[in-house]
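>>> this one's structure only:
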Ligand code: URA
């Protein structure tokens, strides 16, 4: 399958990632290499040389082992059991990308507006919606209907629509964001704004598409006012819905999009930097953590890191498939 260069271009990686030998003699294995972005006066992204411009001619070209072509081009193979926390393969690390220093954690996904005071309307203080067991028995349609009328937390007061989730209800891939924003609240669908466009490009780079073997949901189903981060009690009250979505979907892999999603899924305060690059678990499903697309819109160097995350996600998916059966 061809490397989706258009998607990588959209990811901002067009000048960084090139197919090995793309300009004249494509390599048989479609390997891709990460190169230093060319100087402005030499920029020819599509045909950028594989070798960094300054590198001596006989210096070996650093390149990605994965993906070859695109990650989706991999043929699944049976491997040794997945180690609990596999590191990002050395060969999957960019040669030149962002500074070595760990990035600051990303900010809230949308804007920096301070959280407006949210009245406590006196709902009971139970940490989860009523009827956790009942929710755990619902089918997809009943679950969606249940979410659409949920009043378990204060977020119901200001929402226009609940944002249940979208996509293939038999998908292997599940992407989980934080919470709906303004556009999502209006349209009732996750990731429909600019961040959603970038997310679609990230999916294309994996030869995936929204709705085709991919399901997208959020930790919280209603928009937090002012796009503030969801409060712990809001997350807790919504969690049975997400747990049920995961149980119904039975994804092979979850990608947690951004710090807030990752921290809430994994029940940790750890930084996104420390959570990236290894395999976690949610409801016994492997979880890979990457940056939120809205953050990536503002941070070009971290797009290369996000691509490394996607490669790890694909490797992890392959391993899960090899253990469980053939890929779809
Ligand atoms: N950000 C999220 O985390 N989820 C959405 O649905 C939209 C933006």
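Yes, it's here. The model shown is predicted, which means the values in this text are computed figures rather than measured ones.

>>> Give me the local confidence score for residue 53.
For residue 53, the pLDDT comes out at 27.

>>> To clarify, my last question referred to residue 37.
31.

>>> before we move on, what about residue 21?
35.

>>> tally of neighbours for residue 289?
28 (other C-beta atoms under 10 Å). In this view, the C-beta of every residue, glycine as well, is placed from N, C-alpha and C.

>>> Around the ligand, pick out the residues from the stretch 101-250 of the chain.
109, 163, 177-181, 184, 190-191, 195, 218 (C-beta under 6 Å from any ligand atom).

>>> quick one: the strands in the stretch 201-328 of the chain?
Along the stretch 201-328 of the chain, counting by DSSP state E, counting those that start in this stretch, strands occupy 214-218, 253-257, 280-282, 285-290.

>>> Take those and write them to CSV, including mean pLDDT.
Output for the strands of the stretch 201-328 of the chain, formatted as CSV (pLDDT from 0 to 100):
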stretch, mean pLDDT
strand 214-218, 98
strand 253-257, 98
strand 280-282, 98
strand 285-290, 98
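
>>> among these, which is the most enclosed?
strand 253-257 (a mean of 27; mean count of other C-beta atoms under 10 Å).

>>> which residue does the protein bring closest to the ligand?
Nearest residue of the chain to the ligand, counting by C-beta to the nearest ligand atom: residue 177, 2.8 Å away.

>>> Kindly state the beta-bridge partners for that residue.
residue 218 (DSSP bridges).

>>> That one reaches residue 190, doesn't it?
Yes. Using C-beta atoms under 8 Å, residue 177 is in contact with residue 190, at 6.1 Å.

>>> list residues touching both of these two?
216-218 (C-beta atoms under 8 Å, 6 or more residues apart in numbering).

>>> Return the closest of the residues you listed with respect to residue 280.
residue 217 (17.1 Å; C-beta to C-beta).

>>> quick one: that closest one and residue 171 touch, right?
No. With contact defined as C-beta under 8 Å, residue 217 does not count as touching residue 171 (10.6 Å).

>>> Let me know how buried the nearest residue to residue 253 once chain neighbours are set aside is, in neighbour terms.
Here the nearest residue to residue 253 in space, its sequence neighbours aside, is residue 317; by C-beta to C-beta, 6 or more residues apart in numbering that works out to 4.6 Å. Using other C-beta under 10 Å, residue 317 has 25 other residues around it.

>>> and if you look at residue 139?
11.

>>> again, but for residue 300
16.

>>> What angle do strand 285-290 and the longest helix along the chain make with each other?
Looking across the chain with DSSP state H, the single longest helix is helix 300-324. Interaxial angle, helix 300-324 versus strand 285-290 (axes from the mean of the first three to the mean of the last three C-alpha atoms, to 10 degrees): 170 degrees.
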